[in-house]
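K.L.:
coords please:
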Amino acid sequence: MQMFSHNPRGWHTKEKNLHESREFRKLKKMYDIFPVFIHTSYLINLASARKDLIEKSIDMVVYEMNTADEIDAEYVVLHTGSASGESPVIARERIVNCLAEISKRGKWRAGLLLENAAGERGDITSRISELSEIMWKIPGELIAGICIDTCHAFSAGYDLKTQEGINLLSAETGKYIGKNMVRLLHVNDSRGELGSGIDRHEHIGKGKIGIKGIKSFISHPVFADIPIILETPKKEEDDDLKNLNIVRKLALQ
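P.N.:
Predicted coordinates for the structure are as follows:
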């Protein structure tokens, strides 16, 4: 009792979190929701040259992994970070060191997924080969695979409007990562042009990838049976439902 007497509010918060975790697990089982994904905070930057930010980022990834296990989530999605003005090779090696440190901090049922970046200034994991430079150097079972974001891939130069571009992404995935290591797709259209390095998501069919490109991508043999999450804009209450219905129809055609 003395342990909590100095911060009763913190004790109630902990109890509330435990209650919510139990409730989530119950509903997950009841509605057969599988797999469940957590997306880490966008403030995490394992590529930073700042020691204080690195330490906070490592702590935050550990926190997210712990949370995933508490709610029985299968995967945690991570943006590796940005290193503007620095050698990409050095920055990726820093990420490797950070993830190796995280792997020493615990063992989790959930797996960590690395997400491709859009090629904005400072991005160092916009190509599939760059993700592979990191994931295969991490000891243990922390890294479970990758998440491919269509807007990011298009902005980074993969032409998802065409079958040739989709085939290139598929071939690089097989060569550098392994096709069975793609665990999640973030399916979004793109406001930016091909190779623009602009990370601006758009409603399905209203961006530069277009309906035909999205349909070809999600029906490709390598990507057809992978779980999809949409990260499309939301200005109106029914925007999410509209985008979901479009993708569902495309997947069934």
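K.L.:
give the contact list for the nearest residue to Val222 once chain neighbours are set aside.
P.N.:
Once flanking residues are discounted, Val222 sits nearest to Ser170: 4.4 Å by CB to CB, 6 or more residues apart in numbering. Backbone N, C-alpha and C define where each C-beta goes, glycine included. By CB atoms under 8 Å, 6 or more residues apart in numbering, the contact set of Ser170 is Lys179, His220, Pro221, Val222, Phe223.
K.L.:
Please apply the same query to Arg127.
P.N.:
Arg127 makes contact with Asn116, Ala156, Glu172, according to CB under 8 Å, 6+ apart.
K.L.:
okay, now the last one: neighbour count?
P.N.:
Put plainly, it is Glu172. Glu172 is flanked by 16 other residues according to other CB atoms under 10 Å.
K.L.:
can you tell me which of the contacts of Arg127 lies nearest to Ala144?
P.N.:
Distances from these to Ala144 were compared by CB to CB; the smallest belongs to Asn116, at 15.4 Å.
K.L.:
Now the residue nearest to Val222: phi and psi?
P.N.:
phi -60, psi -40 (degrees, to the nearest 10).
K.L.:
Check Leu194 too.
P.N.:
According to degrees, to the nearest 10, Leu194 has phi -60, psi 130.
K.L.:
Model confidence at it, what's the number?
P.N.:
Leu194 carries a pLDDT value of 98.
K.L.:
Could you find the closest non-adjacent residue to it?
P.N.:
Distances taken as CB to CB, 6+ apart put Asp159 closest to Leu194, at 5.5 Å, once the chain neighbours are dropped.
K.L.:
next one: Asp189
P.N.:
Gly207 (3.0 Å).
K.L.:
now do Gly210
P.N.:
Spatial nearest neighbour of Gly210, chain neighbours left out: Lys161 (6.2 Å); criterion: CB to CB, 6+ apart.
K.L.:
Give me the number of neighbouring residues for the one you found.
P.N.:
Using other CB under 10 Å, Lys161 has 19 neighbouring residues.
K.L.:
Look up how far His186 lies from Lys242.
P.N.:
Using CB to CB, to the nearest Å, Lys242 is found at 18 Å from His186.
K.L.:
again but with Lys234, I slipped
P.N.:
From Lys234 to His186 the distance is 15 Å (CB to CB).
K.L.:
Tell me which of these two has more neighbours.
P.N.:
For Lys234 versus His186, the count of surrounding residues by other CB under 10 Å is larger for His186: 22 against 13.
K.L.:
Please identify the helix or strand for that one.
P.N.:
Using DSSP states H and E, His186 sits within strand 182-187.
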